[in-house]
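> Fold the following and give me the result.
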Amino acid sequence: MSEMTLDGGLPHLVRGAGMLVVAALTQWLSLALWNHQGEVLMIWLPGALLLAALLCDPGRFWPAYDIGWIAGLLVITSIMQAPTRGLAAVYLLVMGLINLTAWVIARLRRDLPIDDFLRLLVFVVTAVMLLPMLSAGVALAIGVAWPLPVWLTGPWWHVALADALGYALLPPAIISLANPASSLRRDALPSWNMLLITTIALVCLWLGWRELGSFATLRPLLLLAPVPLAIYVALRAQIPGTSVVSLVVGVIAIQLSLSMEGPFVQGEETHTTLSVQLWMLGMAVASLFLAALVEQRRTTQRALSVSSTEVRELAGRLIVAQEQERARIARDLHDDINQRLAVASIRLSALRRKVDESNRNDVSQLQSELIALSEDVRHLSHDLHPSMLTQTGLTAALAGLCQAQRQRGGPNIELKVSPHAKDLHEDVALCLYRVTQEALGNALRHADAQCVEVSLQIGDQHVDLTIKDDGKGFVTTAEGHRGLGLMSIDERTKLLGGSCRLHSTLGKGTELCICIPLGPYTPLHGQA
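Numbers count the residues shown, from 1 in each chain. From the prediction side, this is the model:
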């Protein structure tokens, strides 16, 4: 029983201890960015860290996070010898507000990511606007009764802006990384090229702000300088990358302003601090919505890609099922219907000898029609499933197909086949045969072609099939209005990893080019 209790309490202990360490570090970092001259806290990160942790884990772990968070802040408080009673009261009340905000956002968000505009707007309103104002009001009220550090006794809007900056930067990044379906986790991580470009851009931004920030005419342009970087990072690293870059840019702005350098320096220290905070908050929120837009776009692209893959797999199964059904019908026509027609023809031949001379011609005519019907059934069976393809190979099957088209009153067909066609895999051979069959049928039925050239060339890496006619052609710009035959050709080719190119001009004929790689691929028979 004790071991079970220990195992059950271990996750809570780990989370509490981790929160204690991280809360202490973020509090130390926030105080390191404190504007000592103006005695104003520029950004406060521990509250944002707690909110992110609460939104990423179930409610049963919230008490562990709360205890660790309070303990971490009190450790830094004791090290700095700050007023413990007042700060403890502020931390407890702010912790309650953070828990309430996390509960509200969790209920409205329903465990969904915040990359949706509506959910992101809810987060911004509750966590970036309302929560900081309430926290600043709590600090202001407690400061009346108990002494507080100077960075909590300044104007309430500075305290609120410092809190808002933390909530705008940290929680969206942590929530996005914790989401298993986020684009950054599913796609490849940012490359070294992106990290190098971002680092160079940040260094250039720091140098530009430091060297040119004193020129009043250049300040509007300098304030817009991080926008291209924010767009680039949003496209490549979505919400987490945007939050990190916004934080780094904010740190650069804060450090330069503390040294009285850069485009944010105003006549009064309070105005300088306020301008830095307002600019950072505006950039953070704007970058957040931009990154959310990119995240939505990536999610939509991934969903479309998955749907396209599923549709293609379904098309492959349908083609395999179609070939299997064609083979079954062809066998039934050849082995059953055609045999029964042959038996009927033999019986008619025997009957012709028994009838009188006046009826013999009628029986002979009926037998001829029956023989013609049997021949048509044989051709139909061959069209449905070319047994010659498996028995004599692709070259003979294509030659028989072209000969059959000529006998049916089709155009003059010139066939050129590589001698290595017999070495092709049966799926590739079947695809090439069906494409040729469909293309010749189109040339016969629709193009009114007089001459057709069929060329099959086999190289080391791929096989090329070109079918060219001198028919009347058609307009190929309306891709959405392609016939079922052309769609079937395209799908058959793509299933084998190949490509299909169609070129047609009115009055000048049509050229169809198929290219299929000869490397490893998944046979169609495995999809049945």
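> pLDDT-wise, which helix or strand of this protein ranks last?
helix 183-186 (a mean of 60; mean pLDDT, DSSP states H and E).
> Run through the helices of the stretch 1-150 of the chain in chain order.
For the stretch 1-150 of the chain, the helices defined by DSSP state H, counting those that start in this stretch occupy 2-32, 46-56, 62-80, 84-109, 117-123, 131-145.
> so of those helices, which one's packed in deepest?
Ranked by mean neighbour count under mean count of other Cβ atoms under 10 Å, these are led by helix 46-56, which reaches a mean of 25. Backbone N, C-alpha and C define where each C-beta goes, glycine included.
> Who are the packing partners of it?
Judged by 3 or more Cβ pairs under 8 Å, 6 or more residues apart in numbering; DSSP states H and E, helix 46-56 is in contact with helix 2-32, helix 62-80, helix 84-109, helix 131-145, helix 156-178.
> List of residues touching stretch 493-504?
312, 315-316, 319, 427-428, 431, 435, 462, 473-476, 486, 489-490, 510-517, 519, 521, 524 (Cβ atoms under 8 Å, 6 or more residues apart in numbering).
> Are any of these buried, and if so which?
Neighbour counting by 16 or more other Cβ atoms under 10 Å classes 315-316, 319, 427-428, 431, 435, 462, 473, 486, 489-490, 510-512, 514-516, 524 among these as buried.
> Which of those fall in helices?
Mapping the buried ones among the contacts of stretch 493-504 onto helices (DSSP state H) picks out A315, G316, I319, D427, V428, C431, V435, L486, I489, D490.
> So which of those is the closest to T466?
V435 (10.7 Å; Cβ to Cβ).
> And the closest one, how far from L496?
Going from V435 to L496 by Cβ to Cβ, to the nearest Å gives 11 Å.
> And for Q365?
49 Å.
> cool, H12 as well?
55 Å.
> Same question for H334.
28 Å.
> Just put the helices and strands packed on helix 46-56 in a markdown table and tack on mean pLDDT.
Below are those laid out as a markdown table (pLDDT from 0 to 100):
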| stretch | mean pLDDT |
| --- | --- |
| helix 2-32 | 80 |
| helix 62-80 | 93 |
| helix 84-109 | 91 |
| helix 131-145 | 92 |
| helix 156-178 | 88 |
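> L401 against P386, yeah?
Yes - assessed by Cβ atoms under 8 Å, L401 is found in contact with P386 at 7.5 Å.
> Quick check: neighbours shared by these two?
Y433.
> if we can go back for a sec, turn the helices and strands packed on helix 46-56 into CSV, columns for distance to R219.
Shown next, in CSV, are these (distance: least, Cβ to Cβ, whole Å):
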stretch, distance to R219
helix 2-32, 27
helix 62-80, 36
helix 84-109, 35
helix 131-145, 27
helix 156-178, 20
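> Which residue of H334 and L496 possesses the greater neighbour count?
Neighbours were tallied for H334 and for L496 using other Cβ atoms under 10 Å; the higher tally belongs to L496 (22 against 18).
> Torsion angles phi and psi at that one?
Main-chain torsions, L496, degrees, to the nearest 10: phi -100, psi 10.
> do you know how far it is from A404?
With Cβ to Cβ as the criterion, L496 and A404 are 25 Å apart.
> can you list the weak-confidence ranges in the stretch 301-450 of the chain?
Of all residues in the stretch 301-450 of the chain, those with pLDDT under 70 make up the ranges 382, 385, 387-388, 407-410.
> Could you pull out the helices in the stretch 351-500 of the chain for me?
Going by DSSP H, counting those that start in this stretch, the stretch 351-500 of the chain shows helices at 357-384, 387-391, 394-407, 426-442, 484-495.
> just checking, which of those helices sits deepest inside the structure?
Scoring the helices of the stretch 351-500 of the chain by mean neighbour count under mean count of other Cβ under 10 Å gives helix 426-442 as the most buried, with a mean of 21.
> who's in contact with it?
323, 383, 386, 389-390, 393-394, 397-398, 401-402, 405, 410, 413, 421, 424, 452, 454, 456, 463, 465, 467, 485, 488-489, 492-493, 495-496, 498, 510, 512, 514, 516, 518, 523-525.
> Off-centre distance for that helix?
On the basis of Cα atoms, centre = their mean, to the nearest Å, helix 426-442 sits 34 Å off its chain's mean C-alpha point.
> That one relative to helix 484-495, how many degrees between them?
With axes from the mean of the first three to the mean of the last three Cα atoms, to 10 degrees as the basis, helix 426-442 and helix 484-495 are set at 160 degrees to each other.
> Measure how helix 426-442 sits relative to helix 357-384, angle-wise.
Going by the same axes, to 10 degrees, helix 426-442 makes 120 degrees with helix 357-384.
> now for the helices and strands packed on helix 46-56, which one comes closest to V276?
Here helix 156-178 is closest among the helices and strands packed on helix 46-56 (Cβ to Cβ), at 9.3 Å.
> Please point out which parts of the closest one sit buried.
Those would be 156, 158-177, for helix 156-178 by 16+ other Cβ under 10 Å.
> Show me what that helix is packed against.
Contacts defined by 3+ Cβ pairs under 8 Å, 6+ apart place helix 156-178 against helix 46-56, helix 117-123, helix 131-145, helix 183-186, helix 226-258, helix 269-332.
> let's see 7 Å
Contacts defined by 3 or more Cβ pairs under 7 Å, 6 or more residues apart in numbering; DSSP states H and E place helix 156-178 against helix 46-56, helix 131-145, helix 183-186, helix 226-258, helix 269-332.
> Buried deepest among those helices, which one?
Most buried of the helices and strands packed on helix 156-178, by mean neighbour count (mean count of other Cβ under 10 Å): helix 46-56, with a mean of 25.
> State the mean pLDDT of it.
Average pLDDT, helix 46-56: 93.
> Export that helix to PDB, keeping only CA atoms.
Extracted in PDB, the C-alpha atoms of helix 46-56 (Å, rounded to 0.1, in the frame of the first residue of the first chain):
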ATOM      1  CA  PRO A  46       6.300  33.500 -13.100                       C
ATOM      2  CA  GLY A  47       2.500  34.100 -13.400                       C
ATOM      3  CA  ALA A  48       2.600  33.300 -17.100                       C
ATOM      4  CA  LEU A  49       4.500  30.100 -16.300                       C
ATOM      5  CA  LEU A  50       2.000  29.000 -13.800                       C
ATOM      6  CA  LEU A  51      -0.900  29.700 -16.100                       C
ATOM      7  CA  ALA A  52       0.700  27.700 -18.900                       C
ATOM      8  CA  ALA A  53       1.300  24.700 -16.600                       C
ATOM      9  CA  LEU A  54      -2.300  24.700 -15.400                       C
ATOM     10  CA  LEU A  55      -3.600  24.900 -19.000                       C
ATOM     11  CA  CYS A  56      -1.400  22.000 -20.100                       C
END
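> Next, the angle helix 131-145 makes with that helix.
130 degrees.
> And for helix 46-56, what's in contact with it?
Identification of contacts with helix 46-56 by Cβ atoms under 7 Å, 6 or more residues apart in numbering yields 19, 22-23, 26-27, 30, 62, 65, 69, 73, 94, 98-99, 101-102, 105-106, 127, 135, 163, 166-167, 169-171, 174-175, 178.
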